[in-house]
Structure formats: C-alpha cells, structure tokens
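>>> mind folding the following:
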Amino acid sequence: MKENLFHSVRMDRDKCVGCMNCIKHCPTEAIRVRNGKANIIKEKCIDCGKCIAVCPHHAKYAQRESLENVKDFKYKIALPAPSLYGQFNNLDDVNYVLSGLKQLGFDEVFEVSRAAEVVSHATRKKLKENKTGKPLISSACPAVVRLITVSYPTLIPQLLDINAPMEIAAIMARKEAMEKTGLKNEEIGVFFITPCPAKITAIKKPLTLDGPVIDGAVAIKDIYPALVHEMGRLSKDEKLLEDLQQSGKIGVSWSTSGGESAALLCDNYLAADGIENVKTILDEVEDGKLDSMEFIELNSCTCGCVGGSLTAENPFIAKRRLQMLRKYLPVSCVKYTDEEPESDKLDWEKAPQANNIMRLADNIFDAMRIMGEINDLEAKLPKLDCGTCGAPSCKALAEDIVRGFAGIHDCMFLTRNEYAESHEPEAEMFREILPAPFRKHEED
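Numbering: from 1, shown residues only. Purely as a prediction, here's the structure:
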C-alpha cells in the first residue's frame, strides 16, 4: 500500500530542469517528465541511485542522517561498509579507518565485513542443502531484491533466504554492546556507513525483517572529509590507533563484484554488476537458461558496492585500492562453529513480497483487455523511444495513456503528422520544431 512505502531517493524540484537524462537510465521506468519536471513513480522505484548518479543538475538526492543525529544516543556504534576502505589511497591497515570513526564520536565500531564472513559461511551450507536444481540468487544487494519484487516476482523463491551482512552486523553489534554496557536497546544507536541509497531504504523498511534493526545511515561521501582529517591525526600520533580489525579478505572482498561468490569456495557461480547487466542476467534466469549455475551474485552498482552513488571515489580506483589492501589482510578473522553460530538471526523473518504495480487489473479478463489496448496504442506510436514525451519508451507512454496518466498528443510525432495532414500550409513549421536528429534534411 502506498502509505507503507519509503524511498530514500528524493527530488529537488527547484533544481530539476526536465533534461530527461534520468528517464533513460531508470531500470524500472519509474521516472516521468511532466510540465518540465521529473516525477518519480514511488511504486516502481527501487532506490538504486542511478538517477542520482546521472543527473547533471543534482536534482535527485538520498535522504540520510548526518553525524549530528548520531549524538542522540548514549552509546553509538558505527557499521562501516567494506567499500569504505576503498576510498583511501595507500591504505595498508584498516585500523586507521576504524580508529578514525571512533575519533569522530562513535563509542564502538563493528565491521560489516565481519558479518559478511558469517554470511559466507551460512551460504556455503545453504548451497549444500539446495536441491531445487535452480541457482540461488544473492539477497545482499537491496536494489536487486527490490528489482526482483517489481519486475521478476517469479524469482523470489530463488533468493538466498539469509539477511544481508549490514543487518547481521547490526544485530551482533547491538547484542554485544548490551552485554558489555548494560544499557537498554533504545539507548544504543547503530549507524551504517552506506555507499548507496538502496541500503538506506532497506534500513527504514526492511523486506526480510519484522522491523528495523539499524537506527540510521550516514553516507560515505558525507563522512569522508572528516574521516580523512582524523586519519591524518592518527598517522601523526599512533598512540590513538586501536587494534579494532575483525575481518579478513573474505569479508572485505564483498565490497566489489565477485567477492561474495569467491568466498563460497566453489567455481559454479556467476557474478554481474551494473543494473543493465543485472536485468540481462535476471532475464536469462527467468527463462531457465542458467539453471546449471549454483549461485548468482548481482550488484546494481558498477564494480559492486564501491560504485554506489553515495561513495566518494571513482569505483574503478576504489576497486584497485581494495585489491592492494587485501595483500595485508588475513584470509578470515571469523571462527565458525555449527553448534554456536555468531548470530541467531541469520535467516529471514519473512520473505519479500511481490510488488503488484505491474498488475493491470484485478482479474485476468480486464488485464487482457487493457494489455490489448496498450499493444494497439503502442503500434500507432513511432517506436523511437526518444523520450521527448516524458516517458522512457513508446511502450511506457502507451501504458501511461491507458492508465490515464498521459495523452496521445504527448507524442510530438503523432501530433505533427496529424497537424500536417489537416493543415498543409503549416506543415513546414511543425517539421522544424522536431528535435534535430529526427528532422528530414535535404541533401546538398
């Protein structure tokens, strides 16, 4: 229902000029430009942050916490994503990053990469138990999970039913803090240092938990300047440097595409990054073409989490830096025992539900009638997918018209042709108002 929706991706309408860059890049066609401004269809948005990355006017942004919000709790815990380590040049010791976070005011730091190692171990066991003959799909990227609920609901049963590392980290960190300090749950604030807006949405409205386990998120690019300053102080006064590292190569590798899969210690996997590549793979999975795979890792951002729209560094540079950092790390810092798991909330509390925004009607007869109307209307459109109507494709415009959100004359090509047929003398004027790539120019 609409009132239950939360989206971290927001619009600053004052900055939007209606340039239409965003509508061509949105993976779920969730954006329309109407009256010179972009509008986000909340039911379709998966908060992948692609529109934030491509908007040249910074009209899209992610709602998140600031460091000031952290001070509202007696005991404050930072959950740094492993992608944070890739933001710093010549980093050979993650303790500089972790100690720097404590210098910024956090009382404790719990690496999400430590929880990633726990999830890797649990996933290996799930793979052994999987008898379906179909590949398990990673559920670590919340944008991918939401994409599946919106566009590929038949694949929901194939999602790995283990909570994401940031959620496992929050549960483990809070439990340890309560035992250590004796404080109540509500007195402890747990904050994720996030590379992307999709994780902020997953924090506020988790799909697989009964309620939030994290109190907020601070963007990597927001905390980066202050953290660099504190790390500089640590390099000059190493007495402030603490030994806080609790993860190794397996956990830190989750920050880049292929890292989660490599930790499974099997060869029969596939890893893809970039939202368009993700959609291509999901199409293949839905068609049954990848049933020979055991595991499929998908990241909506280029290069993985290091490519999130809330990071500070170029994803390819960050990926290279992490490759160098891994030389200084142990394989793993987490000890696994089947009898005493590190977290008692590894598995989902509930499964993600299909988003019925794609449903055209409540019964199949009305749905077939509406689909027929959409197909008939699409056949009349020029099939250019130019975006000048404010919709990302001719098919999207046809659906908008049938749903009552747009009109047939929003297509300037149909309007031009109709006008030219009934007003011959003025036809030349309408030829010239077409965008240059679509005008017919006489050869010299």
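>>> residue 356: how many residues sit nearby?
Residue 356 has 12 neighbours, counted by other Cβ atoms under 10 Å. Backbone N, C-alpha and C define where each C-beta goes, glycine included.
>>> pLDDT score for it?
In this model, residue 356 is scored at 74, pLDDT.
>>> and if you look at residue 335?
We note a pLDDT of 68 for residue 335 in this prediction.
>>> same deal with residue 359?
With respect to pLDDT, residue 359 has a value of 70.
>>> tell me which element the closest residue to it other than its chain neighbours falls in.
The shortest distance from residue 359 to any residue that is not its chain neighbour, by Cβ to Cβ, 6 or more residues apart in numbering, is 7.1 Å, and that residue is residue 367. Under the criterion of DSSP states H and E, residue 367 resides in helix 364-380.
>>> tell me which residues of the helix or strand that that helix is followed by are tucked away?
Note on helix 364-380: by DSSP H and E, the next helix or strand toward the C-terminus is helix 394-403. Using 16 or more other Cβ atoms under 10 Å as the burial criterion, the residues of helix 394-403 that qualify are 394-402.
>>> which residues in the stretch 51-200 of the chain form helices?
Shown for the stretch 51-200 of the chain, the helices assigned by DSSP state H, counting those that start in this stretch span residues 67-70, 95-103, 112-129, 142-151, 165-181, 197-204.
>>> which parts of the chain belong to which domain?
Per the record's domain assignment (automatic domain parsing), the chain is made up of the domains 2-62, 67-328, 359-438.
>>> what residues does the helix holding residue 367 touch?
Residues outside helix 364-380 that contact it (Cβ atoms under 8 Å, 6 or more residues apart in numbering) are 359-361, 394-395, 398-399, 401-402, 408, 414.
>>> tell me which two of those residues sit farthest apart.
Greatest spacing in the contacts of helix 364-380, by Cβ to Cβ: 359 and 414 (27.9 Å).
>>> can you tell me the closest non-neighbouring residue to residue 96?
Nearest residue to residue 96 in three dimensions, chain neighbours excluded: residue 231, at 4.9 Å (Cβ to Cβ, 6+ apart).
>>> which element follows the helix or strand that contains that neighbour toward the C-terminus?
Mapping residue 231 onto the secondary structure by DSSP H and E places it in helix 220-236. Helices and strands here follow DSSP H and E; after helix 220-236, the next one along the chain is helix 249-252.
>>> the residue nearest to residue 359 and residue 107, how far apart?
Residue 367 sits 54 Å away from residue 107 when distances are taken as Cβ to Cβ, to the nearest Å.
>>> where in the chain is pLDDT low?
Segments of the chain classed as low confidence (criterion: pLDDT under 70) are 1-4, 335-344, 357-358, 419-444.
>>> can you do 80?
Counting by pLDDT under 80, the chain shows low-confidence ranges at 1-5, 334-345, 356-362, 415-444.
>>> now do the same contact list for residue 15.
57-59.
>>> so can I have a markdown table of the residues you listed showing neighbour count and distance to residue 75?
Below are these laid out as a markdown table (neighbours: other Cβ atoms under 10 Å; distance: Cβ to Cβ, whole Å):
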| residue | neighbour count | distance to residue 75 |
| --- | --- | --- |
| 57 | 14 | 40 |
| 58 | 10 | 35 |
| 59 | 22 | 38 |
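>>> helices of the stretch 201-350 of the chain, start to end?
So, for the stretch 201-350 of the chain - with DSSP H, counting those that start in this stretch - the helices run 220-236, 249-252, 259-262, 275-286, 315-325.
>>> give me the beta-bridge partners of the nearest residue to residue 69 once chain neighbours are set aside?
Counting by Cβ to Cβ, 6+ apart, the nearest residue to residue 69 once its immediate chain neighbours are dropped is residue 216, at 5.9 Å. When bridges are taken as DSSP bridges, the partners of residue 216 come out as residue 191.
>>> and for residue 216, the neighbour number?
By other Cβ under 10 Å, 20 other residues sit near residue 216.
>>> wait, it touches residue 65, no?
Yes. Checked against Cβ atoms under 8 Å, the pair residue 216 and residue 65 is within contact range at 3.9 Å.
>>> overlap in contacts, these two.
Shared contacts of residue 216 and residue 65, defined by Cβ under 8 Å, 6+ apart, are found at residue 191.
>>> settle it for me: which of residue 367 and residue 107 has more neighbours?
For residue 367 versus residue 107, neighbours defined as other Cβ under 10 Å are more numerous around residue 107 (17 against 13).
>>> gap between the more buried one and residue 74?
Separation of residue 107 from residue 74 (Cβ to Cβ): 9 Å.
>>> same check on residue 289?
Plainly put, residue 289 is 53 Å away from residue 74 if you go by Cβ to Cβ.
>>> and residue 170, by the same measure?
Residue 170 sits at a distance of 17 Å from residue 74 (criterion: Cβ to Cβ).
>>> what is the burial count for residue 412?
17.
>>> quick check: it touching residue 384?
No. Contact criterion Cβ under 8 Å: residue 412 and residue 384 do not qualify, at 10.4 Å.
>>> shouldn't residue 38 be within a strand?
Yes. Residue assignment for residue 38, taken from DSSP: H, G, I helix; E, B strand; the rest coil, places it within a strand.
>>> contacts only, for it.
Shown in contact with residue 38 (Cβ under 8 Å, 6+ apart): 11, 16, 18, 20, 22-23, 31-32, 51, 59-60.
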